[in-house]
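[1] Fold the following, please.
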Amino acid sequence: MKILVAVKRVVDYNVKVRAKSDGTDVDIANVKMSINPFCEIAVEEAVRLKEKGVATEVIAVSMGPKQAQEQIRTALALGADRGILVESDEDLQPLAISKMLKALVEKESPDLVILGKQAIDADNNQTGQMLGALTGMPQGTFASEVNVEEGTVQVTREIDGGLQTVKLNTPAIITTDLRLNEPRYASLPNIMKAKKKPMETLSPADLGVDVAARVKTLSVEPPAERQAGIKVADVAELVEKLKNDAKVI
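    The predicted structure is shown next:
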């Protein structure tokens, strides 16, 4: 079984994101970048399937600037076998990413495609579903448990009412939720080995995909600062503040 796993380069979740002074975008100059946390879970699940003997090859793929090689190398250090970078300096949106993943699926013919359910930068939660629509492959989204059998994959997914279990014929698409697993840390020996693993670089044109943006960001601004709370002397004053100041009752 061959597994294609997508990883996205995002601002590290420990970094406080700031808007540019002109409000055109988020300021990422000199900011620490990392693999999207949901994508780390996807890589971990793919590597675990390989360690169980279910998968024979794990391919890590990313779309973005040349610097996204760092995130692919991290995925290789975590256990992926080879990487593919689709290099582009454009603002890649979910539809363009889905189309490029579709082209890679046709090129590599994986049995499973595993993605994070969403990225922490835009929180779109669209790419996996769009890829399913474009390829016609069955999908199991928000996966909290994955069990692979011969020719099928059983996915337990988190829904509003609890848990739902679906059985998919392969090839299939899985998007990962937080409770699927806990990603490992890359060891120093594996980081060194990752430098020697193969990485292919392509362009959107090589895949025949137009990556022109369909959605335009008009402005980016930080959320309003929260005002400090106040203390009240008694219940009567609390009710008065809620009624006349906050106007919630």
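[2] so what's Val148 bridging to?
    Counting by DSSP bridges, Val148 forms beta bridges with Val153.
[3] I'd assumed Arg48 was in contact with it.
    No. The criterion here is C-beta atoms under 8 Å, and Val148 misses it with Arg48 at 10.4 Å. C-betas here are computed from N, CA, C, even on glycine.
[4] quick one: which of these two has more around it?
    Val148 (21 against 16; other C-beta atoms under 10 Å).
[5] Tell me which residues touch the more buried one, please.
    1, 49, 54, 112, 154 (C-beta atoms under 8 Å, 6 or more residues apart in numbering).
[6] from the residues you listed, which would you call buried?
    Neighbour-count burial (16 or more other C-beta atoms under 10 Å) is assigned, among those, to 1, 49, 54, 112.
[7] For Leu242, see how far away the first one is.
    Between Met1 and Leu242 the distance is 59 Å, computed by C-beta to C-beta, to the nearest Å.
[8] Please apply the same query to the third one.
    As defined by C-beta to C-beta, Val54 lies at a distance of 57 Å from Leu242.
[9] Check Ala80 too.
    Relative to Leu242, Ala80 is positioned 54 Å away (C-beta to C-beta).
[10] the more surrounded of these two?
    Higher neighbour count among Ala80 and Leu242: Ala80, with 25 against 13, using other C-beta under 10 Å.
[11] For that one, grab phi and psi.
    phi -70, psi 160 (degrees, to the nearest 10).
[12] which residues touch it?
    Ala80 neighbours (C-beta under 8 Å, 6+ apart): 5, 43, 46-47, 58-60, 197.
[13] Narrow those residues to just the buried residues.
    So, by 16+ other C-beta under 10 Å, the buried ones in the contacts of Ala80 are 5, 43, 46-47, 58-60, 197.
[14] quick one: the helices in the chain?
    Ranges of helices within the chain are 37-51, 69-78, 94-108, 127-135, 188-194, 235-240, based on DSSP state H.
[15] can you give me the mean pLDDT across the fourth one?
    In this model, helix 127-135 has an average pLDDT of 95.
[16] Quick one: list the elements packing against that helix.
    Packed against helix 127-135, as judged by 3 or more C-beta pairs under 8 Å, 6 or more residues apart in numbering; DSSP states H and E, are the following elements: helix 94-108, strand 112-116, strand 139-149, strand 172-176.
[17] what does the first one give?
    Of the remaining helices and strands, those touching helix 37-51 by 3+ C-beta pairs under 8 Å, 6+ apart are strand 2-6, strand 57-64, helix 69-78, strand 112-116, strand 139-149, strand 172-176.
[18] isn't Ala19 right up against Glu221?
    Yes. If you go by C-beta under 8 Å, Ala19 and Glu221 touch, sitting 5.6 Å apart.
[19] Of these two, which one has the most company?
    Relative neighbour count places Ala19 above the other of Ala19 and Glu221, with 14 against 8, counting by other C-beta under 10 Å.
[20] Mind putting the buried ones among the contacts of Ala80 into CSV with distance to Asp121 and pLDDT?
    Compiled in CSV, those are given as follows (distance: C-beta to C-beta, whole Å; pLDDT from 0 to 100):
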residue, distance to Asp121, pLDDT
Val5, 19, 97
Val43, 18, 96
Ala46, 22, 96
Val47, 24, 96
Val58, 24, 96
Ile59, 23, 97
Ala60, 19, 97
Lys197, 26, 95
